[in-house]
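A.B. asks: coordinates only, sequence not included:
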């Protein structure tokens, strides 16, 4: 995607400095657009842990590039090359233990390193595999856009070209992947094609990824949008101001239950009550082929109180400042996800096309995945 | 209610300084508990406008006391006494034009002043009427507690004495009235009686009345509670961690549709989906006897962008600081209320007892109101 007219991915390696991995530092957005240089695997572990990179797809790619950096470092101590590699893999995977993509991508590069011949061959193979993972990730995002575009075009036709209003929750845009995004990919595709779209952006407490990341992305791309509190979506649906909801997914059961950022379920209920289509843009790799009952079986991550207790913004002088917004004596609860049962999901928008949120329909798009598990 | 062991109302006049109206300054909570002195009607207008006092019941009482202050001022210019009174009434009513209680209370004191004999008689009558309005307001809150207590006691019995978990949205506690509150009044009654209760407090963006006011109230009263983002209530209901929802109401149609703080409707939907009772604590005076279709006919107030764009908290040095949390280039929308259709309301808890959220049931509790309109 483009930032101030220049194309960026969320993570990349420049030809003229092949030993440095570059990332957009997402902890500074939207207040500052800054590129961070990562030159060791240890730095990559910290970048993932402290969420300088975040989003399922991007974390996978970051883990893969982290393995490439580890391979480069390992050549300095050839005797313990594979020990260093395996230790690095472990530290990368533990940096965010619940993200499935991270483990999958790190293991994929690890296997490639194990098989390649010679130290420089191993480093080269690691680099190529990391690049491949990043390319595949971006391409999956692009394909979700292709799959979802007709839904927005149809809505536009039904409204005779009037603006199609799309509500989204959290950030499932290009910042969450290597490029394109999931939920926002069809929106970008429609905007590029000249379809009139407008996005209602839930601010998405407690980390405000909607207000901080999604709104910033949409601004950069010139897509009309409006930030709303998480409380407002229901009213907007009651007022016929929402034509469809599109959200991403952190984990989708092969039966169609969707775990996504906390609060998604409330929007699904409101969409159902107002007969508004509720679409989930699902990345192939975020399906869970082992679980049938999302409500019972998807583990819901609890994160630290601080995310709710504090928020960072710009003070009057434009200085980034963290303020406490919860009385210190009151306890706080902070679950990160909820589960939207399949019955509230109108359809899944995947990189292989659109399907219903049920076992049979999902299986028909992903027969290879079903058989492999 | 008690603050640090001492009883307070939200507004009062001390015997030893009868020309000063005192309020708890709600713009400073929860960071600072401070009593503000109001000695002119013009100051009261500002206190209402800038939300040093807020909440339907409290604003009514503040308007009434404002009229008392106006009467005292008017005696200094006896020739234009009633001109000053009528001008003051107008300014008070315009300070928050949508709050029905304010207009009603100001008009009530205005009529009393018109009828009383002599200037000092008029001032005395205004004071007595303002006190009466405040007393009635507090008493209505107390009665809602009496009406709602059995619902919590029943839930406690069904759970064999285990903690009853009650979710609330926004602030409908004693800070919103002169005393007791609406939604929280049954909670206080249960806690006082030794019933184990715990309250999930929605932070209630954008003004955070849950985190700033409700949590503070509950802390003062020693009621166990936990602050959550507005996004979390649905998950907690899915996890069987909520036994009932109790919210207040800014306007309730005589057919049972409920306008309340934005986001209330989303919690009603989640309660319905999880078979959890959804109660609305309704103040007699917040019924609208003229409107039948809440969704179509209740006007939804839009407030300024700033409420969403900025938030005030304590910085690292403990200094109150306002920070911008929305990118300046992104538009913002800020509706203050939504409408929960009657079908999602399990029952109304009123100062006259409990009734269903339908025309017949409401009419049977308020036959005098129906006939009067």
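C.D. replies: Cool, the structure landed. It should be emphasised that the depicted structure is a prediction, and the values quoted were computed from it without experimental measurement.
A.B. asks: and residue A:311, bridged to which residues?
C.D. replies: Applying DSSP bridges to residue A:311 yields these beta-bridge partners: residue A:323.
A.B. asks: Please verify my assumption that it contacts residue B:322.
C.D. replies: No: the criterion here is C-beta atoms under 8 Å, and residue A:311 misses it with residue B:322 at 11.6 Å. From N, CA and C alone the C-beta is placed, and that goes for glycine too.
A.B. asks: okay, those two: which has more neighbours?
C.D. replies: Set residue A:311 next to residue B:322 and count neighbours by other C-beta atoms under 10 Å in any protein chain shown: residue A:311 wins out with 20 against 17.
A.B. asks: So residue A:348: helix, strand or coil?
C.D. replies: strand (DSSP: H, G, I helix; E, B strand; the rest coil).
A.B. asks: Distance from stretch A:246-257 to the middle of the chain?
C.D. replies: With C-alpha atoms, centre = their mean, to the nearest Å as the basis, stretch A:246-257 stands 13 Å off its chain's centre.
A.B. asks: Ends of that stretch, what's the gap?
C.D. replies: 15 Å (C-alpha to C-alpha, to the nearest Å).
A.B. asks: same thing with stretch A:322-337?
C.D. replies: Distance across stretch A:322-337, first residue to last, is 24 Å (C-alpha to C-alpha).
A.B. asks: Kindly report the same for stretch A:286-293.
C.D. replies: Stretch A:286-293: ends 15 Å apart by C-alpha to C-alpha.
A.B. asks: Skipping its backbone neighbours, what lies nearest the closest residue to chain B within the stretch 101-250 of chain A in space?
C.D. replies: Going by C-beta to the nearest C-beta, chain B is nearest to residue A:231 of the stretch 101-250 of chain A, at 2.8 Å. The shortest distance from residue A:231 to any non-neighbouring residue, by C-beta to C-beta, 6 or more residues apart in numbering or on different chains, is to residue B:263 (2.8 Å).
A.B. asks: and if you look at residue A:129?
C.D. replies: Nearest non-adjacent residue to residue A:129 (C-beta to C-beta, 6+ apart): residue A:112, at 4.4 Å.
A.B. asks: do residue A:120 as well
C.D. replies: With C-beta to C-beta, 6+ apart, the residue lying closest to residue A:120 is residue A:75, at 7.4 Å.
A.B. asks: now the most far-flung residue of chain A relative to its centre: how far from residue A:119?
C.D. replies: Taking C-alpha atoms, centre = their mean, the residue of chain A most remote from its mean C-alpha position is residue A:79, at 38.3 Å. Applying C-beta to C-beta, to the nearest Å, the value for residue A:79 to residue A:119 is 11 Å.
A.B. asks: can you check residue A:239 too?
C.D. replies: 64 Å.
A.B. asks: circling back to that earlier point, secondary structure element for the residue nearest to residue A:129?
C.D. replies: helix A:100-115 (DSSP states H and E).
A.B. asks: And residue A:279, by the same measure?
C.D. replies: Using DSSP H and E, residue A:279 sits in strand A:278-282.
A.B. asks: mind listing the strands for the stretch 51-200 of chain A?
C.D. replies: Per DSSP state E, counting those that start in this stretch, the stretch 51-200 of chain A carries strands over the ranges A:164-168, A:197-202.
A.B. asks: I'd like the ones you listed laid out as TSV, including mean neighbour count and distance to residue B:14.
C.D. replies: Listed next are the strands of the stretch 51-200 of chain A as TSV, based on neighbours: other C-beta atoms under 10 Å in any protein chain shown; distance: least, C-beta to C-beta, whole Å:
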stretch	mean neighbour count	distance to residue B:14
strand A:164-168	26	51
strand A:197-202	25	47
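A.B. asks: any chance of those strands in TSV, plus distance to chain B?
C.D. replies: As requested, these are arranged in TSV below (distance: least, C-beta to the nearest C-beta, whole Å):
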stretch	distance to chain B
strand A:164-168	11
strand A:197-202	8
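A.B. asks: Reformat the ones you listed as CSV; add mean pLDDT.
C.D. replies: Below are the strands of the stretch 51-200 of chain A laid out as CSV (pLDDT from 0 to 100):
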stretch, mean pLDDT
strand A:164-168, 98
strand A:197-202, 98
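A.B. asks: Would you reformat those as JSON lines and include distance to residue B:341?
C.D. replies: Compiled in JSON lines, the strands of the stretch 51-200 of chain A are given as follows (distance: least, C-beta to C-beta, whole Å):
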{"stretch": "strand A:164-168", "distance to residue B:341": "20"}
{"stretch": "strand A:197-202", "distance to residue B:341": "21"}
